[in-house]
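Undergrad: mind folding the following:
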Amino acid sequence: MSSPAPAKTSRFLLFPWGLLSIVVILILNSSVSSTWFSRNWGWVALVLIIPAAILENLKVGYSNMRIMFLKTLYTMLSFLVVGLAGGLATAGWYYEKFKDYKGIPRLDIPWYVLLALVVLLLIELVQIFSMLKAVKREFMQFSPE
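TA: Model prediction:
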């Protein structure tokens, strides 16, 4: 008898929902007028953070190596994107405040965007540790003791 073929991994498990939410928040912050975004930031963050957290949380129960690898890769990319955006904002603020370069184009990140990004990064971090805990539990099943 032949062994059954492994089931193909679902697309929603492989898609980077948290990274997509981070990129959408940064794009909306940069492209939409600041008055509209400052009035509606709570709804935008709610619509982007809660589905990303739920969909990313579904990945934690799966111990497929491909899902775990991509989850770790997308989490590192999320930290990279937020770090680059924070670095650009800090550099623009530094040059304007201390080097007296007025009128340079810079990335402004208000406190509510920073809060949404930090919440998304914390969700990503917690889910990575939950996934590591699941991997440990799976390895403990094969322990000879």
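Undergrad: show me what the helix or strand of the chain with the lowest mean pLDDT is packed against.
TA: Within the chain, no helix or strand scores below helix 11-14, which has a mean of 74 by mean pLDDT, DSSP states H and E. Under the contact definition 3 or more CB pairs under 8 Å, 6 or more residues apart in numbering; DSSP states H and E, helix 11-14 sits against helix 65-97. Yep, even glycine has a C-beta here, placed from its N, CA and C like the rest.
Undergrad: mind giving me the packing neighbours of the helix it packs on?
TA: Under the contact definition 3+ CB pairs under 8 Å, 6+ apart, helix 65-97 sits against helix 11-14, helix 17-31, helix 111-141.
Undergrad: any idea of the mean pLDDT in that helix?
TA: What helix 65-97 shows for mean pLDDT is 86.
Undergrad: which parts of that helix are buried?
TA: Neighbour-count burial for helix 65-97 flags 67-68, 70-71, 74-75, 77-78, 81-82, 85, 89, 92 (criterion: 16 or more other CB atoms under 10 Å).
Undergrad: looking at the residues you listed, spot the one nearest Trp111.
TA: Comparing the buried residues of helix 65-97 against Trp111 with CB to CB places Ala89 closest, at 11.5 Å.
Undergrad: how close does that closest one get to Arg106?
TA: In this view, Ala89 and Arg106 are 7 Å apart by CB to CB, to the nearest Å.
Undergrad: what sits in contact with each of these two?
TA: Common neighbours of Ala89 and Arg106, using CB atoms under 8 Å, 6 or more residues apart in numbering, do not exist here.
Undergrad: low-confidence stretches in the chain?
TA: The model of the chain has pLDDT under 70 over residues 1-9, 60-64, 143-145.
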